[in-house]
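Student: sequence unknown, structure follows:
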């Protein structure tokens, strides 16, 4: 769930003026902001994950990304409709129907997913710093150097916590906008480099045909890779959060209709960008370097070498840092808002309960990242596995959204598109299946 902005992923908050103007021109004017928001949604997990998976499996898993994108559009639209048409939030509905303990379980699932994403953000930030030449990349780690890395990340988290407690949200928004520009530059760099990497149309076409991937590294991580790709694009936690956002913004049925279009544009953009990064790595690196060498930013950045040469590491590190910073606070806020709601302490961004649990999400993420650093796990592998493990939280959240979707009042003037409900059911089955398959693979790996 590396990526959940203040507006629904890929959307801008429609205004009355937007609704009145209508037509092609107003739709065109909304595309720009939607693309920018999609750039913020593109977090370090998407960049690192798609790069490594393209290197390890070539084009074989390309089909996963558009499937996950379609499921994300469906679940986001469902969540927005629940926020607009529902009497209470999804978590409050769970508390009313099944009891407060059930609501806490839902909030806990979100907090687990957010913690794993935050851990990825922390290690991605560290990877970016080492890509710039700071830290211990390429050196034999010592206990002292590992503790220094953990301390550095703690300082970053404490600075972010200080901004939150001081109520300086505007300052963060300015930083986020700057990071969105940097991520956009990173995306442009991959787009240009894609041409230099010379991917084959037959390879891309073959990659869009669903198949079981075969790794060149012999690591048997195919299902974890699929889980990571699904988690970075089909973020059910981020979709779940949209019901809160539209309620806070006071959306109406007219806003919902505009939001559906904007979501399709923004998430579609995110999907294409993720596919582009994967294809670039597949064309530039698949079968050319051992997967075991992909342990830091410098190694993964080799996908950019056809065009940028020695500057590839810097360009890649800029994108990784931008992705980490741009999602750092907002991702934690997702956990803070939903968990606070689950225990009945409110959902307002400036409420004490939300702030306390947002801080908790930041610190939980730092602790998991620090544990990974102290145990010597390489940053790239950690990010992939952490993203994949979020699939264990997704079935609960998807189940709540599907349940609430069926309880919505439908009117002749305002209906959820007919295709959304079956696609949400498919999304629920997908995340349940991925959770089961990931659990089986982890059991196999650790029992052997």
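Tutor: Sure, I can see it. Fair warning: this is a prediction, and the values are worked out from it, not measured in the lab.

Student: which element is the nearest residue to residue 88 once chain neighbours are set aside on?
Tutor: With sequence-adjacent residues excluded and distances taken as CB to CB, 6 or more residues apart in numbering, residue 88 is closest to residue 96, at 7.0 Å. Using the backbone N, CA and C atoms, a C-beta is placed for each residue, glycine as well. Assigned by DSSP states H and E, residue 96 belongs to helix 90-98.

Student: list the buried ones in stretch 81-101?
Tutor: 81-86, 89-95 (16 or more other CB atoms under 10 Å).

Student: also stretch 142-152?
Tutor: 146, 149, 150.

Student: any idea how far residue 395 is from the second one?
Tutor: According to CB to CB, to the nearest Å, residue 149 and residue 395 sit 34 Å apart.

Student: with the first one instead?
Tutor: When distances are taken as CB to CB, residue 146 and residue 395 turn out to be 35 Å apart.

Student: kindly report the same for residue 282.
Tutor: Per CB to CB, residue 282 is found 30 Å from residue 395.

Student: ok, those two, which is more surrounded?
Tutor: When residue 282 and residue 395 are compared for neighbours, residue 282 comes out ahead with 29 against 20, by other CB atoms under 10 Å.

Student: helices or strands up against whichever strand or helix holds the more buried one?
Tutor: Secondary structure from DSSP H and E places residue 282 in helix 253-285. Counting contacts by 3 or more CB pairs under 8 Å, 6 or more residues apart in numbering; DSSP states H and E, helix 253-285 packs against helix 16-21, helix 23-41, helix 44-57, helix 64-85, helix 169-197, helix 201-207, helix 222-233, helix 236-249.

Student: I'd like the average pLDDT over the second one.
Tutor: Same thing as helix 23-41. Taken as a whole, helix 23-41 has an average pLDDT of 48.

Student: any idea of the mean pLDDT in whatever helix or strand residue 144 lives in?
Tutor: According to DSSP H and E, residue 144 maps onto helix 143-165. For helix 143-165, mean pLDDT is 85.

Student: next: stretch 392-404.
Tutor: In this model, stretch 392-404 has an average pLDDT of 91.

Student: over to stretch 63-83?
Tutor: On average, the pLDDT along stretch 63-83 is 91.

Student: stretch 109-122 now?
Tutor: Across stretch 109-122, pLDDT averages out at 86.

Student: that one: how far from the chain's middle?
Tutor: 10 Å (CA atoms, centre = their mean, to the nearest Å).

Student: next: stretch 234-249.
Tutor: Distance, centroid of stretch 234-249 to centroid of chain: 13 Å (CA atoms, centre = their mean).

Student: and if you look at stretch 189-207?
Tutor: Between the centre of stretch 189-207 and the centre of its chain there are 23 Å (CA atoms, centre = their mean).

Student: let me see the mean pLDDT of stretch 239-255.
Tutor: 82.

Student: how about it: buried residues?
Tutor: Within stretch 239-255, the residues that count as buried by 16+ other CB under 10 Å are 239-247, 249, 251, 254-255.

Student: which one of those is nearest residue 433?
Tutor: residue 239 (18.0 Å; CB to CB).

Student: return the distance of the residue nearest to that closest one when sequence neighbours are not counted relative to residue 282.
Tutor: Nearest non-adjacent residue to residue 239, counting by CB to CB, 6+ apart: residue 75, 4.1 Å away. Distance check for residue 75 against residue 282: by CB to CB, it reads 27 Å.

Student: what of residue 276?
Tutor: Noted for residue 276: a distance of 11 Å to residue 282, by CB to CB.

Student: same check on residue 422?
Tutor: 32 Å.

Student: go on, residue 161?
Tutor: Distance, residue 161 to residue 282, by CB to CB: 39 Å.

Student: then residue 155?
Tutor: Counting by CB to CB - residue 155 and residue 282 are separated by 37 Å.

Student: cool, and residue 368?
Tutor: Residue 368 sits 30 Å away from residue 282, going by CB to CB.

Student: residue contacts, residue 332?
Tutor: Residues in contact with residue 332 (CB atoms under 8 Å, 6 or more residues apart in numbering) are 114, 118, 358, 359, 361, 362, 365.

Student: for the helix or strand containing it, which positions count as buried?
Tutor: Following DSSP H and E, one finds residue 332 within helix 312-342. Buried residues in helix 312-342, counted by 16+ other CB under 10 Å: 312-342.

Student: quick one, it and helix 253-285 angle?
Tutor: With axes from the mean of the first three to the mean of the last three CA atoms, to 10 degrees applied, the angle from helix 312-342 to helix 253-285 works out at 140 degrees.

Student: could you check how far helix 312-342 is from the centre of its chain?
Tutor: Relative to its parent chain, helix 312-342 has a centroid offset of 8 Å by CA atoms, centre = their mean.

Student: and for the residue nearest to residue 62 when sequence neighbours are not counted, the neighbour number?
Tutor: Counting by CB to CB, 6+ apart, residue 62 lies nearest to residue 207, which is 3.2 Å off, once chain neighbours are set aside. Using other CB under 10 Å, the number of residues around residue 207 comes to 25.

Student: likewise residue 376?
Tutor: 8.

Student: what's the answer for residue 229, then?
Tutor: For residue 229, the count of nearby residues is 27 (other CB under 10 Å).

Student: quick one: which of the contacts of residue 332 has the most company?
Tutor: The contacts of residue 332, ranked by neighbours (other CB under 10 Å): first place residue 114, 33 neighbours.

Student: how close does it get to residue 333?
Tutor: From residue 114 to residue 333 the distance is 9 Å (CB to CB).

Student: what touches both of those two?
Tutor: Counting by CB under 8 Å, 6+ apart, the shared contacts of residue 114 and residue 333 are residue 361.

Student: any weak-confidence spans in the stretch 301-448 of the chain?
Tutor: Scanning the stretch 301-448 of the chain for pLDDT under 70 picks out 303, 307, 323, 326, 379-380, 384, 387-388, 410-414, 445-448.

Student: could you pull out the helices in it for me?
Tutor: Ranges of helices within the stretch 301-448 of the chain are 305-308, 312-342, 352-374, 379-389, 394-406, 420-447, based on DSSP state H, counting those that start in this stretch.

Student: of the buried residues of stretch 81-101, closest to residue 406?
Tutor: residue 82 (10.5 Å).

Student: thought the closest one was touching residue 403?
Tutor: No. Contact criterion CB atoms under 8 Å: residue 82 and residue 403 do not qualify, at 9.9 Å.

Student: residue 230 touches residue 431, doesn't it?
Tutor: Yes. Between residue 230 and residue 431 there is a contact under CB under 8 Å: 7.5 Å.
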